[in-house]
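Student: Requesting a structural model of the entry that follows:
(chains A, B and C)
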Amino acid sequence: MSVRVSELEILRYDPEQDEAPHFQTYTVPCHDDWRVLDAINYVKDELDRTLTYRWSCQMAVCGSCGMAVNGEPVLACQTFVRDYPQKIRIEPLQNFPVERDLVVVMDDFIDKLESVKPYLVPKEEKEVDDGEYLQTPAQLAHFKQYTACINCLLCYSACPQYALTESFVGPAALALAHRYNLDSRDVGRRVREDVVACNSGIWECSFVGACSDVCPKSVDPAAAIQQTKIASTGDYFMKVLMPWKRK
Amino acid sequence: MSRRPYIREPSRMGWWLKQSRYMRYMMREISALFIGIYVLVLIVGLFQLSNGEAAYEAFLATAEGPVGSTFAVFAFAFAIYHSYTWFQVTPKAMPLTLAGKRVPGAIIIAAHWFGFVLISAALWLLAGR
Amino acid sequence: MPHSNKPIIWGLFAVGGTLAAFIVPALILVTCFAIPLGLLPIDVLAYERLIDLMRHALSKLVTFGVLILIMWHAAHRMRITAHDLGIRNDTLIMFVCYGIAAAATLLALAALLRI
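Tutor: Below you'll find the predicted structure:
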């Protein structure tokens, strides 16, 4: 296996010592099959113990290792060094405050995720003894795509509307709301409306589509939001034209 | 240990220059400007039509001048780009499921282009009568 | 948070955009290129022809509907673009964009009523 020498330009920030973030360059001998995560692990193990970053599963299911590689939000465990030139710039995900080095503050996203009520709101509460909620394969297929989100935040990083407007609920949260709205076992669309259908919800989105481009799990949050816009517009006109129909 | 998160401000005006996907988005948005101006010119033309033959001929002369003609070329290009991007996103906004299977986006897009050709041909034939 | 009133604008935006996508390219060809390039056998923009065509109530209705919807689509997109370009005063932009569209609507109405 051949070894190529890569130069990793990594953004460093120590909140206790630094006024502002700055780049630090590390020379890393990379194997041909290394991902960026492997190279960063090498830096931490061999060159600089102080480097701080999130990672876990190494297989693109935990969503921890999101970072901007040459300006593009990616999962470091899925991004191969061999696909890049010798110099690789690594920064924390855009549009989030930097906690330390490559670690971002996720609190805003977590708040927004909670606000869309990402859980089943069933028609009637069922006791466990009463049995399962039944669902056909076709009903599952209807929303399955949107269950794949791993909360990696790449979509928020790519979204220019989230960059420009802090209050935007954002792609992943709205896609998850859509996942529950489409679920046949759920009747929670009305209660989610407060967050989803307000000006900071779906209506902040201008369908740039970058979120779906960068999503590692093909969730397609852009599609979810557009479908919600159509559904919401329908709801709105129903409310105006036939107000007695709403429960 | 003290926390002092650092906030990196995005470029408010120039963010779209940083990546080609954002530039394509901005081109798509700008297409509406050209389409809007074109429609505005059409409306002005209608108004001059209502003002009599002299006013209308004067309008035509200006609209078909060098500025108008150059604008028309750009407007046409942007109009096609608008059609292209609009059809491209339609399957995402309105996914179609037939007989239990999701219809591939490419088919929906192709159907739109087919409709586009039909409607354009109809307009052309109507105009030529 | 209060429910947005954006659905009205967005509904108009979506219809206008669809109309624009299907109609505008051919419309530009007919109105701007057919004559100079000699693509059609007759003068499509001749005064008498257009006046005769526009006198019908149906022509007026269709023309008004199509042009106004496309106009509003463009106005809304321009509002969004202003925001994208960093202009933060959305209220001002709203007045400018929708104001121009409203003025165009009135102009079209006046024109078609006079024909």
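
Student: Contact residues of chain A facing chain C?
Tutor: A:160, A:164, A:193-195, A:197-201, A:203, A:206, A:229-230, A:232-233, A:235-237 (Cβ under 8 Å from any Cβ of the partner chain). C-beta here means a position set from N, CA and C on the backbone, and glycine is covered the same way.

Student: list the buried ones in the one helix or strand B:V67 maps to?
Tutor: Here B:V67 is covered by helix B:66-93, with elements defined by DSSP states H and E. Judged by neighbour count using 16 or more other Cβ atoms under 10 Å in any protein chain shown, the buried positions of helix B:66-93 are B:68, B:71-72, B:75-76, B:78-87, B:89-93.

Student: cool, stretch A:50-61 as well?
Tutor: A:51, A:53-55, A:58, A:60.

Student: now do stretch A:200-219
Tutor: By 16+ other Cβ under 10 Å, the buried positions in stretch A:200-219 come out as A:200-217, A:219.

Student: For chain B, tell me which of those show up nearby.
Tutor: Of those, the ones that also sit near chain B (Cβ under 8 Å from any Cβ) are A:206-210, A:212-213.

Student: Make JSON lines from those and add secondary structure and distance to B:S2 to it.
Tutor: Formatted as JSON lines, these follow (DSSP: H, G, I helix; E, B strand; the rest coil; distance: Cβ to Cβ, whole Å):
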{"residue": "A:S206", "secondary structure": "coil", "distance to B:S2": "38"}
{"residue": "A:F207", "secondary structure": "coil", "distance to B:S2": "41"}
{"residue": "A:V208", "secondary structure": "coil", "distance to B:S2": "37"}
{"residue": "A:G209", "secondary structure": "coil", "distance to B:S2": "39"}
{"residue": "A:A210", "secondary structure": "helix", "distance to B:S2": "34"}
{"residue": "A:S212", "secondary structure": "helix", "distance to B:S2": "38"}
{"residue": "A:D213", "secondary structure": "helix", "distance to B:S2": "37"}
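
Student: Send me stretch A:39-59 as CSV with only the CA atoms.
Tutor: Written as CSV, here are the backbone C-alpha positions of stretch A:39-59 (Å, rounded to 0.1, in the frame of the first residue of the first chain):
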residue,chain,number,x,y,z
ALA,A,39,-5.5,11.3,9.1
ILE,A,40,-6.9,13.4,11.9
ASN,A,41,-6.6,10.5,14.3
TYR,A,42,-3.0,10.2,13.2
VAL,A,43,-2.5,13.9,14.1
LYS,A,44,-4.0,13.4,17.5
ASP,A,45,-2.1,10.2,18.2
GLU,A,46,1.3,11.1,16.9
LEU,A,47,1.6,14.8,16.4
ASP,A,48,-0.7,16.9,18.6
ARG,A,49,-2.6,15.5,21.6
THR,A,50,-4.5,18.7,22.0
LEU,A,51,-6.5,18.5,18.8
THR,A,52,-10.2,18.2,19.7
TYR,A,53,-12.9,16.7,17.4
ARG,A,54,-16.0,14.5,17.5
TRP,A,55,-16.1,11.0,16.0
SER,A,56,-17.4,7.6,16.9
CYS,A,57,-18.8,4.9,14.6
GLN,A,58,-16.4,5.3,11.7
MET,A,59,-19.2,4.2,9.3
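
Student: Surely A:L8 forms part of a helix?
Tutor: No. Using DSSP: H, G, I helix; E, B strand; the rest coil, the assignment for A:L8 is strand, not a helix.

Student: Quick check: chain neighbours aside, which residue is closest to it?
Tutor: Nearest residue to A:L8 in three dimensions, chain neighbours excluded: A:Y26, at 4.7 Å (Cβ to Cβ, 6 or more residues apart in numbering or on different chains).

Student: Name the SS class of that neighbour, please.
Tutor: Under the three-state scheme (three-state DSSP), A:Y26 adopts strand.

Student: for the one 4 residues further on, same thing?
Tutor: Secondary structure for A:C30, judged by three-state DSSP, is strand.

Student: Just to check, A:R100 is in contact with A:T52?
Tutor: Yes. Assessed by Cβ atoms under 8 Å, A:R100 is found in contact with A:T52 at 4.9 Å.

Student: now what about stretch B:13-26, what contacts it?
Tutor: Residues outside stretch B:13-26 that contact it (Cβ atoms under 8 Å, 6 or more residues apart in numbering or on different chains) are A:71-72, A:160, A:163-164, A:208-210, A:213, B:11, C:81, C:84-86.

Student: So which of those belong to helices?
Tutor: Members of the contacts of stretch B:13-26 lying in helices (criterion: DSSP state H): A:160, A:163-164, A:210, A:213, C:81, C:84.

Student: Any chance of a ChimeraX selection covering the buried ones in those residues?
Tutor: With 16+ other Cβ under 10 Å as the criterion, this ChimeraX line picks the buried residues out of the ones in helices among the contacts of stretch B:13-26:
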select /A:160,163,164,210,213 /C:81,84
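
Student: which two from the ones in helices among the contacts of stretch B:13-26 end up farthest apart in space?
Tutor: The two members of those with the most space between them (Cβ to Cβ) are A:D213 and C:T81, at 20.2 Å.

Student: excluding its backbone neighbours, what's nearest the residue nearest to the spatial centre of chain B?
Tutor: Using Cα atoms, centre = their mean, the residue of chain B that lies closest to the mean C-alpha position is B:H82, 3.0 Å off. In space, and not counting its chain neighbours, B:H82 is closest to B:S31: 4.2 Å by Cβ to Cβ, 6+ apart.

Student: do B:P5 as well
Tutor: A:P97 (3.6 Å).

Student: all helices of chain A, in order?
Tutor: Counting by DSSP H, chain A has these helices, from start to end: A:36-42, A:107-115, A:137-143, A:154-158, A:160-164, A:171-182, A:189-196, A:210-214, A:221-241.

Student: Let me know which of these is tucked in deepest.
Tutor: The highest mean neighbour count among the helices of chain A, using mean count of other Cβ atoms under 10 Å in any protein chain shown, belongs to helix A:154-158: a mean of 28.

Student: counting contacts, what elements does it pack onto?
Tutor: Under the contact criterion of 3 or more Cβ pairs under 8 Å, 6 or more residues apart in numbering or on different chains; DSSP states H and E, helix A:154-158 touches strand A:66-69, strand A:72-75, helix A:171-182, helix A:210-214.

Student: okay, the contacts of stretch B:13-26 in CSV with distance to B:W124 and pLDDT next?
Tutor: Below are the contacts of stretch B:13-26 laid out as CSV (distance: Cβ to Cβ, whole Å; pLDDT from 0 to 100):
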residue, distance to B:W124, pLDDT
A:G71, 45, 95
A:E72, 44, 96
A:P160, 39, 96
A:A163, 44, 95
A:L164, 42, 93
A:V208, 34, 96
A:G209, 32, 95
A:A210, 37, 97
A:D213, 37, 96
B:S11, 44, 89
C:T81, 31, 95
C:D84, 35, 94
C:L85, 37, 93
C:G86, 42, 89
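
Student: Nearest to B:S2 among these?
Tutor: Nearest to B:S2 out of these is A:A163 (Cβ to Cβ; 26.9 Å).

Student: Now do the contacts for that closest one.
Tutor: Contacts were defined as Cβ under 8 Å, 6+ apart; by that measure A:A163 touches A:94-95, B:10, B:15.

Student: Highest neighbour count among those residues?
Tutor: When neighbours are counted by other Cβ atoms under 10 Å in any protein chain shown, A:N95 leads those with 26 neighbours.

Student: ok, now which ones touch that residue?
Tutor: A:156-157, A:159, A:162-163, B:10.

Student: roughly how far is the longest helix seen in chain B from the heart of the chain?
Tutor: Within chain B, and with DSSP H defining each element, the longest helix by residue count is helix B:20-50. Mean-position distance between helix B:20-50 and its chain equals 7 Å (Cα atoms, centre = their mean, to the nearest Å).
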